[in-house]
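> this is a predicted model, with the sequence first.
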Amino acid sequence: MIEVLDAVELEEIRDDFPVLRQKVHGKPLIYFDNAATSQKPRVVIEALNDYYQRYNANVHRGIHALAERATREYELAREKLAKFINAPATDCVIFTRGTTEAINLVAYSWARTNLKKGDEILLTWMEHHSNTVPWYQVCEHTGAVIKRIELTNQGTLDLGNLDTVLTPRTKLVAVTQQSNVLGTINPIRQIADAAHKQGALVLVDGAQSVPHMSVDVQALDADFFVFSGHKMCGPTASGILYGKRPLLEAMPPFMGGGEMIKEVWFDHAKYNDLPYKFEAGTPNIAESIGLGIAVDYLEKIGMEKIRQHEKQITQCALDRLKELAEVTIYGPRDVEKRGGLVSFTLGDIHPHDIATFADQEGVAIRAGHHCAMPLHKKLGLAATARASFYLYNTIDEVDVFIEMLQKTKKFFGACPTGRAMGY
C-alpha cells in the first residue's frame, strides 16, 4: 500500500517551518523555489542555536567536555548521512560545503591526477554548471575532451546509443540523477553498468534527488555521489561526497592544513586516514550537525511519503498548466519519470517578468537559465520559469499559482511564440 501525507500530517509539517507563516506584499507566502533551496524546519534551526549556545568547540582536537560533545555530534551526523544513502561505511562519507565543492574535490583530486590527453568525460545536456564547469577546467588542464549523451524529444536521455558514446577512452561519466530544469529522473544503474563495462567511473549529482526520494548508492553502484544539505531542509554550506573506499584512498588530498595530516616533518607530511584526509581545517561543524538533524526530520516523515506527495502536487500542476494554451512545459509528462518541479514558458512573456509578477502575488518561483545554460541553448531558449515543490506544499497553493499565471497572461497580453511544443 502506497503511503501518502494526509491533511493533518501536512498541516503539522507546515507548522514546523516558521518562514511559511508570513505574508509577502500582503499575500500569504507560497514558496515554489525548492529546487534552489528548501526552507528549514524549526528543529534544524534550533540545532544550530544549540551548538553555538551550549557546546561551541572545535572537533577532534580537544579533550575538554565541549570539544568531546562537538566531536560526538559531528560524527553522529556522519553516521546518519551514511545510513541515509546506504553508504557501506562512514569513512566513505566526506563532509563538504555542498554539491559544488564535492564535485570540484573529485575534479581536482581524482581527475587531474588520473586523466590525460585524449581521455573522454561523458556528460549530458541537462547537467548543472556545477557538474559541467569543473570538467571543462579538467580538460583545459589535462587535454581530456567532453562528450555528451543526447536528449530525446520527451526530455529524457537518449540511451539507445549508449554503447556507442561510451568507448575505451571514456574515463568518467558525470550525470545528474534528476534534472533541475526538466525534472527528468535518470536511470543511473543502467548508465553505471554500461560505464563500468568500459572501465569508466561514474559520478552522480544527487542535489535534486536526495531531498525527494530514497537513494541507495550501493544499489546505484555509483563510484562518487554528491549532494547538498540546503536543498533537503538542512543548513547552507553543508553537503556530502560519497566515494568508494579504494578510490578515495588513492586520491591525494584536496586541500592542505590541519586535521588532514597525521604527522608533519620539516619538509613533508603524512596524510590522515579517511574521511579526514579530505576535511582540512575547521569544518562546518554546526552546519553538518544541522544536516544530521534534517535527516532525522525527513526519515521521521518517510521518504516514500514525501515522494508520493510531490508526485500528487506535480501532477496537479501539470494538469492545471494545460488550461493555459500559451504555456509550454519542458520535461517528461509522466510523474513517474520526473521529480517535483515544472519548468515552463508562457507565450512571449519573459520568465523574469513572470517571476516578478508572481512575487507581487506572494508566489516565489525562479526564472532564468537555472545554472543550465547549455541545456537552454540547446532548447533555443534564453530562460524558463520554474516552480519546484517540496513536502510542505499543497494543492491549494497550486491553484493560487495557476490563478497568478492567468493574471500574468492578462496583464502582459501573452501571445503564442510559434515555437514547437516543448518536451
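Received the coordinates, thanks. Residues are numbered from 1 along each chain as shown.

> neighbouring strands - and their directions - for the worst-scoring helix or strand of the chain on mean pLDDT?
One helix or strand of the chain scores below all others by mean pLDDT, DSSP states H and E: strand 261-264, with a mean of 90. Strand 261-264 pairs in its sheet with strand 269-271 (antiparallel), by DSSP bridges.

> which neighbouring residues are in contact with the closest residue in space to Glu73 that isn't next to it in sequence, exactly?
Of all residues not flanking Glu73 in the chain, Ile289 sits nearest, at 4.9 Å (CB to CB, 6 or more residues apart in numbering). Any C-beta I mention is one placed from the backbone N, CA and C, and that applies to glycine too. Ile289 makes contacts with 47-48, 51, 73-74, 77, as judged by CB atoms under 8 Å, 6 or more residues apart in numbering.

> which one of the residues you listed sits closest to Ala364?
Looking at these and their distance to Ala364, the nearest is Leu48, at 22.7 Å (CB to CB).

> the closest one and Ser288 touch, don't they?
No - with contact defined as CB atoms under 8 Å, Leu48 does not count as touching Ser288 (10.7 Å).

> now the helix or strand hosting the residue nearest to Glu73 - C-alpha only, CSV.
Assigned by DSSP states H and E, Ile289 belongs to helix 285-301. The C-alpha trace of helix 285-301 is given here as CSV (Å, rounded to 0.1, in the frame of the first residue of the first chain):
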residue,chain,number,x,y,z
ILE,A,285,30.6,21.9,12.4
ALA,A,286,27.2,23.4,13.2
GLU,A,287,26.0,23.0,9.6
SER,A,288,27.0,19.3,9.4
ILE,A,289,25.3,18.7,12.8
GLY,A,290,22.2,20.5,11.5
LEU,A,291,22.2,18.3,8.3
GLY,A,292,22.1,15.3,10.5
ILE,A,293,19.1,16.7,12.3
ALA,A,294,17.5,17.4,8.9
VAL,A,295,18.0,13.7,8.0
ASP,A,296,16.2,12.7,11.2
TYR,A,297,13.3,15.0,10.3
LEU,A,298,12.9,13.6,6.8
GLU,A,299,13.2,10.0,7.9
LYS,A,300,10.6,10.6,10.6
ILE,A,301,8.1,11.6,7.9
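
> now whatever helix or strand comes next after it: average pLDDT?
Using DSSP H and E, the helix or strand that directly follows helix 285-301 along the chain is helix 303-321. For helix 303-321, mean pLDDT rounds to 98.

> so how far is helix 303-321 off the chain centroid?
Relative to the chain's own centre, helix 303-321 is displaced by 18 Å; criterion: CA atoms, centre = their mean, to the nearest Å.

> what pairs with the helix or strand that comes right after it, parallel or antiparallel?
For helix 303-321, the following helix or strand on the C-terminal side (DSSP H and E) is strand 327-330. Here strand 327-330 is paired, per DSSP bridges, with strand 341-346 (antiparallel).

> related to what we said a few turns ago, look at Leu48 and Ser288 and report which has more neighbours.
Neighbour tally, Leu48 and Ser288, criterion other CB atoms under 10 Å: the higher count belongs to Ser288, 29 against 16.

> could I get the pLDDT score of the more buried one?
Value for Ser288, per-residue pLDDT: 98.

> would you mind measuring from it to Asn272?
For Ser288, the distance to Asn272 equals 17 Å [CB to CB, to the nearest Å].

> what do you get for Gln315?
The gap separating Gln315 from Asn272 is 49 Å, by CB to CB.

> those two - which one has more neighbours?
Asn272 (19 against 16).

> hmm, back to that, check which residues of the least confident helix or strand of the chain are buried.
By 16 or more other CB atoms under 10 Å, the buried positions in strand 261-264 come out as Ile261.

> which residues touch it?
269-273.

> which PyMOL command selects the buried ones in those residues?
Buried residues among the contacts of strand 261-264 (16+ other CB under 10 Å), as a PyMOL selection:
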select buried, resi 272
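
> pull the contacting residues for the nearest residue to His129 once chain neighbours are set aside.
The shortest distance from His129 to any non-neighbouring residue, by CB to CB, 6+ apart, is to Cys371 (4.3 Å). For Cys371, the contact set (CB under 8 Å, 6+ apart) comprises 128-130, 180.

> could you flag which of those are buried?
Judged by 16+ other CB under 10 Å, buried ones among those: 128, 130, 180.

> from Ala87, how far out is the residue lying closest to Met255 once chain neighbours are set aside?
Sequence neighbours aside, Ala280 is the residue nearest to Met255 in space, at 4.1 Å (criterion: CB to CB, 6+ apart). According to CB to CB, Ala280 and Ala87 sit 21 Å apart.

> neighbour count: those two, which is higher?
Between Ala280 and Ala87, counted using other CB under 10 Å, Ala87 has the larger neighbour count: 23 against 17.

> okay, that one and Pro41: tell me how far apart.
Going from Ala87 to Pro41 by CB to CB gives 24 Å.

> same deal with Ala269?
Here the criterion is CB to CB. By it, Ala269 lies 41 Å from Pro41.

> any weak-confidence spans in this protein?
For the chain, the stretches with pLDDT under 70 are 1, 417-423.

> and it, what are its domain boundaries?
The chain breaks down by automatic domain parsing into domains covering 7-31+302-412, 45-299.

> of those domains, which approaches Thr37 most closely?
Taking those one by one with CB to CB, domain 45-299 is closest: 4.9 Å.
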